[in-house]
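S.K.: here is the input, now give the coordinates:
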Amino acid sequence: MAATMDLARHILVIDDSPDILTMFTDLLTDEGYRVTTDSFTAEIGLLHDHIRRVDPDLIILDMIIGREDLGWQLIQLLKMSAQTAGIPLILCTGAIRQVEELAPHLDDLAIGVVLKPFELDRLLEAIDQTWKKVPNPSSLGVAGPKTGDI
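M.R.: Numbering: from 1, shown residues only. Presented below is the predicted three-dimensional model:
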């Protein structure tokens, strides 16, 4: 089993709710993904450095952290950095109004969106669709999936 987990696609989940992080870990691990979580306790620059070190295949993050749009600020930093620009992203948020306002921009950046609350099937569909939008992240100079489709 350890060898399988080493080869599984790696998803980093960033959310300020410990309960949400636990839920994502349980759901995604059950689906065969390797999951790392972060509760967004560091400032954005340090979190960006951490993301580069962790080198995930995909990031799922909340747009609203605390009462601020820190998730959106992190997305902007990730997309402006050559080392992280190609990492596929999914916004998993309850910030419906902000997502609607940003929809054209999110589409341009190939960022998936899952609105809270969500069903597991919707999340898994968003993960598949997001990877299809960025089929070969390694061509962008970032690490891509470790295996074929799961």
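
S.K.: and the helix or strand encompassing I11, which strands flank it?
M.R.: Using DSSP states H and E, I11 maps to strand 10-14. Sheet pairing of strand 10-14 (DSSP bridges) gives strand 34-38 (parallel), strand 58-61 (parallel).

S.K.: how about a markdown table for those, with mean neighbour count added?
M.R.: Where you see a C-beta, it was placed from the backbone N, CA and C, and this is true even at glycine. Below are the strands paired with strand 10-14 laid out as a markdown table (neighbours: other Cβ atoms under 10 Å):
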| stretch | mean neighbour count |
| --- | --- |
| strand 34-38 | 18 |
| strand 58-61 | 24 |
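
S.K.: mind putting those into a markdown table with mean pLDDT?
M.R.: Shown next, in a markdown table, are the strands paired with strand 10-14 (pLDDT from 0 to 100):
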| stretch | mean pLDDT |
| --- | --- |
| strand 34-38 | 95 |
| strand 58-61 | 96 |
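
S.K.: against I127, how distant is P104?
M.R.: 22 Å (Cβ to Cβ, to the nearest Å).

S.K.: hmm, I was thinking of T93
M.R.: 15 Å.

S.K.: these two: which is more packed in?
M.R.: The residue with more neighbours, out of T93 and I127 and counting by other Cβ atoms under 10 Å, is I127; that gives 23 against 19.
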